[in-house]
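# Have a look at this prediction, sequence included:
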Amino acid sequence: SILNDILDFSKIEAGKLEFENLEFDLDEVINGALSVLALEARAKGLELRSEIDPKVCTGLCGDPGRLRQVLTNLLNNAVKFTEQGEVVLRVLPQEETSSAVSLIDGISGSQAALRFEVKDTGIGLSEDARGQIFEAFNQADQSTTRRYGGTGLGLTISQQLVKMMHGEIGVESELGKGSLFWFTARFEKQAAGQAALAKQKPLPPGRVLLADGNATDREILRAELTALGMRCTSAASGEEALQFLCGAIADEDPYALAMIDMQMPGMNGVELARTIKNDHLTKGTRVIMLSSVGHPIDANTRKNADIDAFLVKPAKQPHLQECLASVLGPAPLRRTKAKNHASSEAPQHGVHDTRILVAEDNEVNRHVMLLLLEDLGYTADMVANGKEALAALRHHSYDIILMDCQMPEMDGYEASRTIRREFDRPPRIIAMTAHNAPVDLQRLRDVCGDAPGTMRRLADLYLEQGAELLPAMEVAIRNNDAKDLSSIAHRFRGASLSCGSNSIVPFLNELEQLGNSGDLAVASVLYEKASLEFARIRSFFESHFQNNEHALEEETLAQACKGKIPLRRARQQRALRDSLAT
């Protein structure tokens with residue numbers, strides 16, 4: 001981190017720091033910045049959250065990596081210098097610029113002018129410290145350096161990055177009363193920046209009870225719900241929420257939905273939800289459980305609590321609307337119950353307890369997958385793309401997701417990356433692709449000759465090496481260590497080529513090139529794709545070398561010859577069963 005600060009500072013001084021111009025989602029950048037600090041904030045008992053004004057355009061063009069760098073630096077300082085209370089990131093439309101150009105909703109033509117604020121309840125700054133805080137190699141005082149460390153370059157670099165985003169940066173603070181760091185920035189709007197808002201479907205009418213001990217969170221969510229046309233009542237505790245629920249029943253105007261924060265003083269969210277569901281008067285009330293960034297709901301609670309949906313605060317309007325529509329409206333998924341086909345075979349142990357979600361955009365492929373799963377005795381839900389998979393997972397618990405890699409709107413790679421980022425204990429994800437096998441076995445045979453034992457040993461060695469190199473690559477990306485990333489990707493690429501694992505090579509090639517260039521802005525995306533591809537390669541090798549391969553093949557052929565099932569379908573069944581078992 002120190003070396004990266006010095007390198008960035010040197011590039012800025014030399015005028016060689018370059019900016020990218022990419023389409024990005026502001027919500028994703030903000031969530032990414034928050035997730036970096038979530039664990040540290042949680043360890044200190046701090047509330048870490050964001051508030052985005054509904055008027056803010058989130059479909060932007062610019063350099064998301066540099067914006068994330070500024071946000072992460074400000075959030076890091078806020079968490080570092082705050083021992084109790086909260087750290088809040090706000091994004092607002094900027095109504096005026098320093099050049100006195102008036103903007104409507106922060107938008108001028110095809111541009112969005114935004115103001116970012118990071119407010120904390122930390123140690124604050126003296127007047128002298130405020131005057132020099134943006135100077136290079138400077139911190140509030142020497143005791144700060146001794147206690148907290150750091151280079152004193154972070155704010156200087158942030159100031160220069162903000163200037164390159166056509167903005168300004170400043171601070172408002174008093175010693176002992178916390179700080180508010182702010183900056184402005186301009187971005188181009190994506191062509192369809194606000195198009196998604198026009199497509200939002202109206203929600204069914206309903207009365208909502210919002211129970212949250214945090215007054216700020218309560219007011220923000222109440223405003224969001226009101227903007228969506230919901231009738232909303234707020235409660236500051238579980239006990240108060242129960243009073244409102246009983247009063248509404250007495251008035252013959254019951255609540256259709258209760259949105260409950262997990263962390264409330266006194267009666268917590270789980271206790272309140274259990275009370276609602278166990279009372280015959282209120283058990284028909286739907287329940288959405290709310291949690292904060294850095295305070296995920298554990299898997300046991302998700303599995304055992306009688307809760308209709310889960311939502312992470314801050315709830316962005318699209319996610320909030322999806323969640324409300326799922327809970328209050330008709331179910332968006334087509335649930336298929338496992339059928340008991342006429343067969344003398346005993347059911348597989350534990351199969352019916354496994355919840356599976358299939359994400360596949362091709363309707364024919366979905367139907368085929370459905371038939372295969374039914375034959376194996378599984379229950380499955382079907383969605384058509386990555387966005388629908390995320391919506392389903394936010395509202396239901398799944399053990400396995402069968403994810404097509406190539407889908408419209410959001411592909412399997414991006415969906416898998418988002419799932420791993422958002423969920424504390426994500427389900428197992430099995431990648432499905434129409435591409436050829438991930439391994440060129442002929443290449444492996446050319447290397448090993450005709451000895452199958454040699455092929456197996458080489459494949460095992462490759463899988464062991466890959467299992468070591470992938471985590472090392474992730475550490476290099478997290479530490480922004482471009483040189484180490486380039487070296488690891490180069491080794492991994494060479495080993496993959498030697499073993500015929502061609503499908504992963506393009507991703508490793510790009511990662512190596514990113515390492516050589518020093519720009520790791522999109523390295524995490526490529527790393528996730530490489531990880532998914534390596535999992536597919538591992539599954540391929542394990543399936544190919546399994547001890548009972550010949551016996552299974554003979555059994556499959558025998559069943560097919562007896563006319564029980566078509567040969568191709570039998571082979572598909574076996575492959576699917578092996579993947580699910582793994």
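Right, received. Where do you want to start?
# Do me a favour and get the end-to-end distance for stretch 475-490?
From its first residue to its last, stretch 475-490 covers 16 Å (CA to CA, to the nearest Å).
# er, stretch 155-172 actually
14 Å.
# pLDDT (mean, whole number) over that stretch?
Averaged across stretch 155-172, the pLDDT comes to 91.
# where's that stretch relative to the chain centroid, distance-wise?
Computed by CA atoms, centre = their mean, to the nearest Å, the chain-centroid distance of stretch 155-172 equals 28 Å.
# May I ask which helix or strand of the chain has the lowest mean pLDDT?
Least confident element among the helices and strands of the chain, by mean pLDDT, DSSP states H and E: strand 334-336 (a mean of 38).
# What residues of the longest helix along the chain count as buried?
Counting by DSSP state H, the longest helix found in the chain is helix 452-478. Neighbour counts over helix 452-478 (16 or more other CB atoms under 10 Å) mark 455, 458-459, 462-463, 466, 469-470, 473-474, 476-477 as buried. C-beta coordinates here come from the backbone N, C-alpha and C atoms, glycine included.
# Nearest to V118 among those residues?
I477 (24.3 Å; CB to CB).
# Identify the residues contacting the closest one.
485, 520, 523-524, 527 (CB atoms under 8 Å, 6 or more residues apart in numbering).
# How about I401?
When contacts are counted by CB under 8 Å, 6+ apart, I401 touches 356-359, 389, 393, 419, 427-430.
# just how off-centre is the helix or strand where it lies within its chain?
Per DSSP states H and E: I401 is located in strand 400-404. Distance of strand 400-404 from its chain centroid, counting by CA atoms, centre = their mean, is 16 Å.
# Check which element follows that strand along the chain.
Going down the chain from strand 400-404, the next helix or strand is helix 412-422, by DSSP H and E.
# Check which helices and strands that following helix sits against.
With contacts taken as 3 or more CB pairs under 8 Å, 6 or more residues apart in numbering; DSSP states H and E, helix 412-422 sits against helix 26-43, helix 386-395, strand 400-404, strand 428-432, helix 523-545.
# in that helix, what counts as buried?
Neighbour counts over helix 412-422 (16+ other CB under 10 Å) mark 412-419, 422 as buried.
# Repeat that for stretch 172-188.
Residues 173, 178-187 are the ones in stretch 172-188 that count as buried (16+ other CB under 10 Å).
# One more: stretch 256-272?
Under the neighbour-count criterion of 16+ other CB under 10 Å, stretch 256-272 has 256-262, 264, 267, 269-270, 272 buried.
# L511 - nearest residue in space that isn't next to it in sequence?
Excluding its sequence neighbours, the residue lying closest to L511 (CB to CB, 6 or more residues apart in numbering) is A489, at 4.1 Å.
# Tell me, how many residues neighbour that neighbour?
27 (other CB atoms under 10 Å).
# G494 now?
As a burial measure, G494 scores 12 neighbours (other CB under 10 Å).
# cool, L514 as well?
L514: 21 neighbours (other CB under 10 Å).
# Next up, the contacts around M259.
By CB under 8 Å, 6+ apart, the residues touching M259 are 208-212, 221, 225, 287-288, 290, 311.
# Quick check: Y527 vs L520, distance?
Y527 sits 10 Å away from L520, going by CB to CB, to the nearest Å.
# hey, C-alpha coordinates of stretch 371-382 in PDB?
Extracted in PDB, the C-alpha atoms of stretch 371-382 (Å, rounded to 0.1, in the frame of the first residue of the first chain):
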ATOM      1  CA  LEU A 371     -36.000 -33.000 -17.200                       C
ATOM      2  CA  LEU A 372     -32.600 -34.200 -16.200                       C
ATOM      3  CA  LEU A 373     -33.000 -32.800 -12.600                       C
ATOM      4  CA  GLU A 374     -36.400 -34.300 -12.300                       C
ATOM      5  CA  ASP A 375     -35.100 -37.700 -13.400                       C
ATOM      6  CA  LEU A 376     -32.500 -37.400 -10.600                       C
ATOM      7  CA  GLY A 377     -35.100 -36.500  -8.000                       C
ATOM      8  CA  TYR A 378     -34.100 -32.800  -7.500                       C
ATOM      9  CA  THR A 379     -36.300 -29.800  -7.000                       C
ATOM     10  CA  ALA A 380     -35.300 -26.700  -9.000                       C
ATOM     11  CA  ASP A 381     -36.200 -23.100  -9.700                       C
ATOM     12  CA  MET A 382     -35.500 -21.600 -13.200                       C
END
